[in-house]
Structure formats: structure tokens, C-alpha cells
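# Only the shape, not the letters, is given here:
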């Protein structure tokens with residue numbers, strides 16, 4: 001086992017009616033004024049927002065609301081939230097929603113803790129994250145894993161750039177996970193989330209570092225579990241047991257448990273972020289659209305790793321490792337197709353793109369070819385372009 005550091009400060013309350021613990025959990029953080037961050041009207045129509053607000057007020061807290069968070073969360077709304085939180089005197093930011101809401105709450109928490117510094121200063125890495133207000137979450141979508149992660153991602157509409165920052169300061173203090181809150185999700189959001197969970201795991205799993213037996217087993221177990229239950233939930237979106245497994249897989253996939261003792265690659269996330277930032281495509285769709293092309297581009301660097309993935313996750317018994325590796329990539333794409341997720345750029349809403357757009361995205365991702373991305377294979381601008389080109393078909 002290789003050396004690592006792990007920090008998981010998030011208290012998890014899992015199960016039916018978990019959201020009713022919001023007030024008690026906020027009180028444990030000594031909160032008195034809570035800014036609620038949420039997305040569209042679904043949490044209002046379902047009564048979830050009212051239940052959470054009621055639980056907070058029962059513990060004597062004042063509450064302010066900030067709605068309007070969208071997928072690929074916007075920096076402009078987070079800026080509004082910073083101003084609101086400062087004026088209100090918020091001492092806790094509580095997200096009610098999925099990863100976009102939680103990421104927005106985290107961003108607000110970072111900037112409120114350092115008044116006068118614009119969010120872009122943190123996102124451009126000009127100003128380090130040295131503190132943040134406490135953040136909590138009521139999770140409604142299993143996907144991003146932001147409820148236990150050290151990361152937060154925003155899209156700057158002015159630049160069209162989608163990027164993230166990492167800091168233990170933004171790990172939520174608590175998260176409430178009630179699988180029943182996923183019952184009303186559109187199927188597309190459910191399947192985008194399944195892809196994101198798998199990608200958070202695979203971006204850590206595909207590494208040249210050997211000797212992390214338990215880490216491998218955890219990652220492979222998460223992948224098998226989310227595939228098996230993902231198919232069940234796709235057929236029955238109100239299968240409580242299946243959604244329970246998916247929801248917990250989402251948290252484990254991105255709290256670093258699936259990658260302890262080895263580096264994170266996350267080059268597919270970089271490829272996807274460029275598409276999401278430029279075209280506002282759903283995050284999960286941007287990942288499934290490019291993963292197969294990335295995998296075929298890099299697999300020969302460690303055929304055995306992909307062959308193991310095929311055996312442990314997909315049950316492939318092919319003795320020829322090269323064939324087994326390619327079959328593993330095919331099986332992953334077949335699964336994406338089964339849950340109606342794209343496996344190429346052309347299958348997304350944006351369709352096949354002109355060559356110059358692919359070059360622009362490759363250039364943007366590598367900051368004008370000044371940096372390399374990933375670690376399984378360090379990708380430069382030309383590499384990114386080749387992967388986009390391979391994915392750029394119907």
C-alpha cells in the first residue's frame with residue numbers, strides 16, 4: 001500500500017426522512033443564520049424546501065433563500081449568493097439539491113470567508129482557499145459526489161470556461177441522503193448521474209501505480225454496484241433499494257476512497273468540462289461521449305490494467321489481455337448505450353462539430369498547449385484534439 005492522506009469530516013445521515021435532521025445538524029455547527037441554496041421549482045413543488053426550512057426554524061434559526069441554480073452552475077449566481085450571505089450574516093450555507101447546488105454553496109462559502117475577493121480569483125488560482133463557512137447538503141441527485149468531496153466546479157459565463165478548485169475547507173460538515181428524493185428525477189438526470197459516479201471512480205482507477213489492493217477492490221466494487229443497480233433504477237426509477245445503492249456509491253466515488261495511494265487522472269473530466277462550458281451540455285453526457293475515445297487512445301500504455309477492469313467489473317474471461325482490454329472498453333460503452341447515454345459527440349444535442357471547434361477546445365483545455373493533463377497518459381493539445389476527433393461522429 002502506498003502512502004496517502006485521507007480526511008472525511010462529513011457526517012452522513014442516510015435513509016428515509018433524513019432531511020428532517022437539517023435543524024439538528026445545523027445546530028451542531030452552531031449555526032444561527034442559514035442561507036439555503038437550491039435550483040428550480042421541483043424542491044418547492046415537492047415540499048422539500050419547506051420541510052428543510054421548517055426543520056431549521058424549529059431549532060430557532062433564521063433562513064434566507066437563494067434559488068435558480070442550473071446545471072453547469074454559473075459563477076454569476078454564486079456571486080449573488082456571496083452578496084446575499086454577507087448582507088444576511090449567514091454562518092452556514094445549506095444546499096438543497098444535487099451537485100450543482102452543492103458546488104454553488106461551496107463557492108459562496110469560500111468567498112464569504114474572504115470578503116472583497118472575487119470568485120474568479122479563487123478559480124484562476126490567484127488567491128488560495130484558506131478558509132470557508134461551513135457547508136451542509138440535502139442531496140436530491142446521486143451524481144457529483146460533492147456532498148463528501150473536496151472539490152467544487154463552476155462555469156464562468158463570461159469566458160465559457162468550466163473549472164474547479166479543490167480544498168478540504170469545502171468538504172461539507174454534514175449531508176442528508178434520502179433515496180426517496182430521487183423518485184421524481186427525470187430519467188436523463190438519473191443516468192447522467194450514474195455516468196458521473198462511474199467516471200469519478202474510473203478516473204482514479206486507471207493508474208500505473210500498483211500495490212493498492214484494497215483501493216482497487218473498493219473501486220471495482222463501486223463500479224459493479226452502480227452498474228447492477230443502475231440498470232434496475234433505469235427500469236424502475238422508484239426502486240428504493242437500487243437508488244440507495246446508487247446514492248451511496250456516488251458519495252464513495254468522490255470522497256477519495258476509490259483512489260487512495262495513487263494519483264487522480266481526471267483527463268476525461270477536462271475533456272468533458274470544455275464541452276460543458278462551451279455548449280452547456282449535461283456533465284454526465286460529456287463524459288460518456290468521450291470516455292471510449294480516451295480509453296482506446298491510452299489503453300496500450302497499460303493493457304493489463306484495462307484487462308483487469310474487464311475481468312473484475314464486466315466478468316470478461318478472455319485470456320488474451322489485449323482483446324480483454326478492448327472488450328472491456330466495448331462493454332462500458334454498451335452499458336452507456338443501455339441507459340441511453342451518448343458514446344460520441346455526435347450523439348449529444350450539439351451533434352458533430354467542425355474541426356476548428358475541436359482544436360479550440362483542445363487549446364483551451366491545455367491553456368494554449370502550455371500544460372499537460374492527466375497522469376495515465378499526460379495529454380497535450382494534440383492528444384486532446386485526437387481524442388475529440390475520434391469521438392466526433394454519430
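Looks like it arrived, so ask away. The structure displayed is predicted, hence computed values, not measured ones.
# which residues in the stretch 151-300 of the chain form helices?
187-205, 213-235, 240-253, 267-279, 283-298 (DSSP state H, counting those that start in this stretch).
# Of all these, which one comes closest to residue 93?
Taking CB to CB, helix 240-253 is the member of the helices of the stretch 151-300 of the chain nearest to residue 93, at 18.9 Å. Just so you know, the C-beta spots here come from the backbone N, C-alpha and C atoms, and that holds for glycine as well.
# relative orientation of that closest one and helix 213-235 in degrees?
Counting by axes from the mean of the first three to the mean of the last three CA atoms, to 10 degrees, helix 240-253 lies at 140 degrees to helix 213-235.
# Pull out the buried positions in helix 240-253.
242, 243, 244, 245, 246, 247, 248, 249, 250, 251, 252, 253 (16 or more other CB atoms under 10 Å).
# Same list, these, but as a markdown table with pLDDT and distance to residue 229 please.
Below are the buried residues of helix 240-253 laid out as a markdown table (pLDDT from 0 to 100; distance: CB to CB, whole Å):
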| residue | pLDDT | distance to residue 229 |
| --- | --- | --- |
| 242 | 98 | 4 |
| 243 | 98 | 8 |
| 244 | 98 | 8 |
| 245 | 98 | 4 |
| 246 | 98 | 5 |
| 247 | 98 | 10 |
| 248 | 98 | 10 |
| 249 | 98 | 8 |
| 250 | 98 | 11 |
| 251 | 97 | 14 |
| 252 | 97 | 13 |
| 253 | 97 | 13 |
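# I'd like the helices of the stretch 151-300 of the chain laid out as a markdown table, including distance to residue 158.
Converted to a markdown table, the helices of the stretch 151-300 of the chain look like this (distance: least, CB to CB, whole Å):
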| stretch | distance to residue 158 |
| --- | --- |
| helix 187-205 | 25 |
| helix 213-235 | 36 |
| helix 240-253 | 31 |
| helix 267-279 | 11 |
| helix 283-298 | 20 |
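# With residue 132 as the reference, name the closest of these.
Nearest of these (CB to CB): helix 240-253, 19.7 Å.
# Now find how far off-centre the closest one is within its chain.
14 Å (CA atoms, centre = their mean, to the nearest Å).
# One more: stretch 87-99?
The answer for stretch 87-99 is 19 Å, by CA atoms, centre = their mean.
# Same check on stretch 345-362?
The answer for stretch 345-362 is 22 Å, by CA atoms, centre = their mean.
# repeat for stretch 1-21
Mean-position distance between stretch 1-21 and its chain equals 16 Å (CA atoms, centre = their mean).
# End to end on it, go ahead and measure it.
In stretch 1-21, first residue to last residue: 38 Å (CA to CA, to the nearest Å).
# excluding its backbone neighbours, what's nearest the residue positioned nearest the centre of the chain?
Geometric centre of the chain, nearest residue: residue 144, 2.6 Å, by CA atoms, centre = their mean. Closest residue in space to residue 144, ignoring its immediate chain neighbours: residue 99 at 2.4 Å, by CB to CB, 6 or more residues apart in numbering.
# Verify the stated contact: the one you found with residue 143.
Yes - with contact defined as CB atoms under 8 Å, residue 99 counts as touching residue 143 (5.5 Å).
# Spit out the residues that contact the two alike.
196, 283 (CB atoms under 8 Å, 6 or more residues apart in numbering).
# Can you report how many residues lie near residue 101?
29 (other CB atoms under 10 Å).
# hang on, the residue nearest to the centre of the chain in a strand?
No - looking at residue 144 with DSSP: H, G, I helix; E, B strand; the rest coil, it is coil, so not inside a strand.
# which residues does it contact?
Contact analysis of residue 144 by CB under 8 Å, 6+ apart lists 98, 99, 100, 102, 103, 193, 196, 250, 254, 283.
# Make TSV from these and add distance to residue 35 to it.
As requested, the contacts of residue 144 are exported to TSV (distance: CB to CB, whole Å):
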residue	distance to residue 35
98	18
99	18
100	16
102	13
103	15
193	25
196	26
250	24
254	24
283	24
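# Most neighbours among these, which one is it?
That'd be residue 102 among those, by other CB under 10 Å, with 33 neighbours.
# That one against residue 135, yeah?
Yes - contact criterion CB under 8 Å: residue 102 and residue 135 qualify, at 7.4 Å.
# Give the residues shared as contacts by the two.
What both residue 102 and residue 135 touch, as defined by CB under 8 Å, 6+ apart, is the set 95, 172.
# which stretches of the stretch 201-350 of the chain aren't confidently modelled?
Scanning the stretch 201-350 of the chain for pLDDT under 70 picks out nothing.
# Could you find the closest non-adjacent residue to residue 361?
Here the residue nearest residue 361, using CB to CB, 6+ apart, is residue 274, at 4.1 Å.
# ok, now which ones touch the one you found?
Counting by CB under 8 Å, 6+ apart, residue 274 has contacts 162, 361, 362, 364, 365.
# of those residues, closest to residue 117?
Once CB to CB is applied, the member of the contacts of residue 274 that ends up nearest residue 117 is residue 162, at 20.6 Å.
# any idea how far the residue lying closest to the closest one once chain neighbours are set aside lies from residue 108?
Spatial nearest neighbour of residue 162, excluding adjacent residues (CB to CB, 6+ apart): residue 277 at 3.3 Å. According to CB to CB, to the nearest Å, residue 277 stands 20 Å off from residue 108.
# So these two - more neighbours on which side?
Comparing residue 277 with residue 108 by neighbour count (other CB under 10 Å), the higher total belongs to residue 108, at 31 against 24.
# Go ahead and list the helix or strand containing the more buried one.
Secondary structure assignment for residue 108, by DSSP states H and E: helix 99-112.
# Quick one: the strands in this structure, in order.
11-14, 33-38, 62-66, 92-97, 135-139, 151-156, 161-166, 174-177 (DSSP state E).
# follow-up on the earlier one: in terms of secondary structure, what does the helix holding residue 108 contact?
Under the contact criterion of 3 or more CB pairs under 8 Å, 6 or more residues apart in numbering; DSSP states H and E, helix 99-112 touches strand 33-38, helix 75-88, strand 92-97, helix 119-123, strand 135-139, strand 151-156.
# Mind doing that once more with 10 Å?
Judged by 3 or more CB pairs under 10 Å, 6 or more residues apart in numbering; DSSP states H and E, helix 99-112 is in contact with strand 33-38, strand 62-66, helix 75-88, strand 92-97, helix 119-123, strand 135-139, strand 151-156, strand 161-166.
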